[in-house]
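Participant: Model the following, please.
(chains A and B)
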Amino acid sequence: MKCDEARDILPEVLYAEVEDPEVTYRFFRHLWECPACEREFEELVAVRRRLGEWAEYERSSAQQQLERRPLRVFAPRRRPRIGSWLVPVLQTAAAVVVAFALMLAAQQAGWIAAGTQSPEELQAAVQHTVVASQEEQLRMIGQALLDLKEEMLLRDRAVMEQVYGDLVLLEQRYRTVLEQNRQMQRLTSQ
Amino acid sequence: MDTIDRDLVGRAMAGDTECFGRLVERWQARIYAFVRRYLGDSEEARDVTQNTFTKAFLRLAQLQDPDRFNSWLHMIAVNECRMRQRWGRVRPETSWEETGTVLESRMEERVTPLRALEAKERLRCCELAFRRLPPEQQEVILMKELQGLRLHEIAAILDVPLSTVKSRLYAGLKSLRRLMGEYSDEM
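Facilitator: Residues are numbered from 1 along each chain as shown, chains lettered A, B, ... in the order given. Below you'll find the model as predicted:
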């Protein structure tokens, strides 16, 4: 082996990445015969030792920094889909409307026997359904807000902030309407 | 990469985001250490590390082979660092007080104060010498020494031939030898 060849494989030998033992043998045999290459190799081994100490310090110092102040890396629990909340909300709302319409129609047609349910009782029942449904919808909007907050970390902030703002308004509106309906419920039950 | 990581990567690629969260926990210190030394700025490094994992999550579908997660993650980190350097947002910092604290906490009861001081000075020499290397040599030395990546992995991450990695590493180590000698003489 010549000096040029030895220098070429020196990094691999230094980091024990030579796959062929024969090559390693030829490298060290060359060092035995060439004091200049041997000195150079020894110097680089010393540099590696110093770098090893430095790398160990860097790793433990980084670890300590993260322990003192953890990163806020997004570790998603699940991947929310935009609009995933909309379908169930609309379905629930539609179900309430259909149930209400059916009850009115049944009463009009006389299918619900007179005296079975007074208009006040009917109103209370409908009110109960509306409040229960809105409570569920409000819960779903809350969940959607949490999901979107996570999604905002991942997607285009401007667009997501707009959607987030809209949802906050929607939540406020629902909260107000729900409060009104709860009051109505309390009045009808009295 | 060990079997736990391989399993987590496989599950994360199949859509299990909990597993991705666990990968973040397992890899964040390593990536942060690398980025912090690459940029020389702890605050920027925090930001870049967070971006690296966010991008990794978004691009998980592009990862063909779970076994290459390590190289792939480093590739994203290197690109993020380079981008940050292009924007010129990085101001290298020095925190030797912290160096002392970390060393002392690790070496307490094992070494004398004199030994601790010597170790601190050795690290200081290393750090100063490292900063004077050209960026392409710094990259390769960080990946090799700090991250323990294999030479062919570094070549893949940097998208350069193996011979280029070897020559940068060789030149970098030789320069470090010379520069460390200069700093040691000064002290």
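Participant: give me the low-pLDDT residue ranges for the chain?
Facilitator: In the absence of a named chain, chain A is used. Counting by pLDDT under 70, chain A contains low-confidence ranges at A:73-89, A:107-108, A:110-117, A:119, A:150-160.
Participant: try chain B instead
Facilitator: Using pLDDT under 70, chain B drops low at B:1, B:88-116, B:184-187.
Participant: which residues of it fall in helices?
Facilitator: Along chain B, the segments classed as helices by DSSP state H run B:3-13, B:17-39, B:42-58, B:69-87, B:96-107, B:113-131, B:135-141, B:151-158, B:162-186.
Participant: Ok, which of those comes nearest chain A?
Facilitator: Closest approach to chain A among these is made by helix B:17-39 (3.2 Å; CB to the nearest CB). Backbone N, C-alpha and C define where each C-beta goes, glycine included.
Participant: can you put the helices of chain B in TSV and add distance to chain A and mean neighbour count?
Facilitator: Formatted as TSV, the helices of chain B follow (distance: least, CB to the nearest CB, whole Å; neighbours: other CB atoms under 10 Å in any protein chain shown):
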stretch	distance to chain A	mean neighbour count
helix B:3-13	10	17
helix B:17-39	3	21
helix B:42-58	5	20
helix B:69-87	12	18
helix B:96-107	4	15
helix B:113-131	4	17
helix B:135-141	7	20
helix B:151-158	6	20
helix B:162-186	5	17
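Participant: ok, now which ones touch the most centrally placed residue in chain B?
Facilitator: Nearest to the geometric centre of chain B sits B:Phe34, at 1.8 Å (CA atoms, centre = their mean). The contact partners of B:Phe34, by CB atoms under 8 Å, 6 or more residues apart in numbering or on different chains, come to B:74, B:77, B:142-143, B:146-147.
Participant: Backbone dihedrals for A:Ala105, both of them.
Facilitator: phi -60, psi -40 (degrees, to the nearest 10).
Participant: Based on its surroundings, how many neighbours for it?
Facilitator: 11 (other CB atoms under 10 Å in any protein chain shown).
Participant: counting contacts, what elements does the longest helix along chain A pack onto?
Facilitator: If you go by DSSP H, chain A has its longest helix at helix A:119-154. On a contact count with 3 or more CB pairs under 8 Å, 6 or more residues apart in numbering or on different chains; DSSP states H and E, helix A:119-154 meets helix A:86-108, helix A:157-189, helix B:42-58.
Participant: Break chain A into its domains for me.
Facilitator: A:3-68, A:86-189 (automatic domain parsing).
Participant: Could you give the separation of the longest one from the chain centroid?
Facilitator: The reference is to domain A:86-189. 27 Å (CA atoms, centre = their mean, to the nearest Å).
Participant: quick revisit: and the longest helix of chain A with helix A:157-189, angle?
Facilitator: 160 degrees (axes from the mean of the first three to the mean of the last three CA atoms, to 10 degrees).
Participant: now helix A:119-154 against helix B:17-39, angle please.
Facilitator: 30 degrees.
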